[in-house]
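Student: Below is the sequence, then the predicted model.
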Amino acid sequence: MPVANVKGLSETTHAKLKEAIVQLESFLNEYAVPQLVNGDTSEGAALFYKGLLADLRHLLVYSETVYEKIGIVLRRPNFDTEAAERSLYEAYHQAVAAFFYPKNECYSEDGRYAYTGQDAIRFRFVPTRPAREIVLSVSKVYEELRDELAYYENDYMTQRRMQGQK
């Protein structure tokens, strides 16, 4: 991929990760399991919110880590294309994957809704409004990142293997 494309993609990825990080931090700093359960005494509700918050914390950590790596690459006086491509690969395989494949599976993407204009995210349990809003809000950011970084799903590693690198 040409250097200009990699640099531009790095800048947009950096900005989008920052947007997601701000939203996630704000939500995680404001809400805890008791606030989200909000009087629902079922054991399923508590387990759902514990899993959801754990997944969102993991997503935040992965996003912040990749955000910092891309930021370092962008701040260097000489743009290092190889380091940028590695960071973009990590953005796709860590941050984007953490959103679309959460460990606790409190939500999932249903591809049948992707082209209908409806939200493609389906929840395992009916969440409170704030929990639903944060997931749907950051889903838009991670969908855009997934579309932009799709090249790094497979082609980046194939290119590295062809060059004899790991």
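Tutor: All right, it came through fine. Numbering: from 1, shown residues only.

Student: Which helix or which strand is home to the residue lying closest to K18 once chain neighbours are set aside?
Tutor: Closest residue to K18 apart from its sequence neighbours, by CB to CB, 6 or more residues apart in numbering: Y67 at 6.3 Å. Yep, even glycine has a C-beta here, placed from its N, CA and C like the rest. Using DSSP states H and E, Y67 maps to helix 43-75.

Student: Just the buried residues of that helix, please?
Tutor: 45, 48-53, 55-56, 58-60, 62-67, 69-70, 73-74 (16 or more other CB atoms under 10 Å).

Student: what ranges do the helices span in this protein?
Tutor: Counting by DSSP state H, the chain has helices at residues 3-30, 33-37, 43-75, 81-90, 97-100, 129-148, 151-162.

Student: so which of those gets nearest R122?
Tutor: Closest to R122 of the helices of the chain is helix 129-148 (CB to CB; 10.4 Å).

Student: I'd like to know which elements the closest one is packed against.
Tutor: Applying 3 or more CB pairs under 8 Å, 6 or more residues apart in numbering; DSSP states H and E, one finds that helix 129-148 contacts helix 3-30, helix 43-75, helix 97-100, strand 121-123.

Student: Mean pLDDT and distance to E85 added to the ones you listed, as JSON lines?
Tutor: JSON lines is the format used below for these (pLDDT from 0 to 100; distance: least, CB to CB, whole Å):
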{"stretch": "helix 3-30", "mean pLDDT": "94", "distance to E85": "6"}
{"stretch": "helix 43-75", "mean pLDDT": "95", "distance to E85": "9"}
{"stretch": "helix 97-100", "mean pLDDT": "94", "distance to E85": "17"}
{"stretch": "strand 121-123", "mean pLDDT": "90", "distance to E85": "29"}
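
Student: Ok, which of these comes nearest A150?
Tutor: Across the helices and strands packed on helix 129-148, closest to A150 is helix 3-30 (CB to CB), at 11.2 Å.
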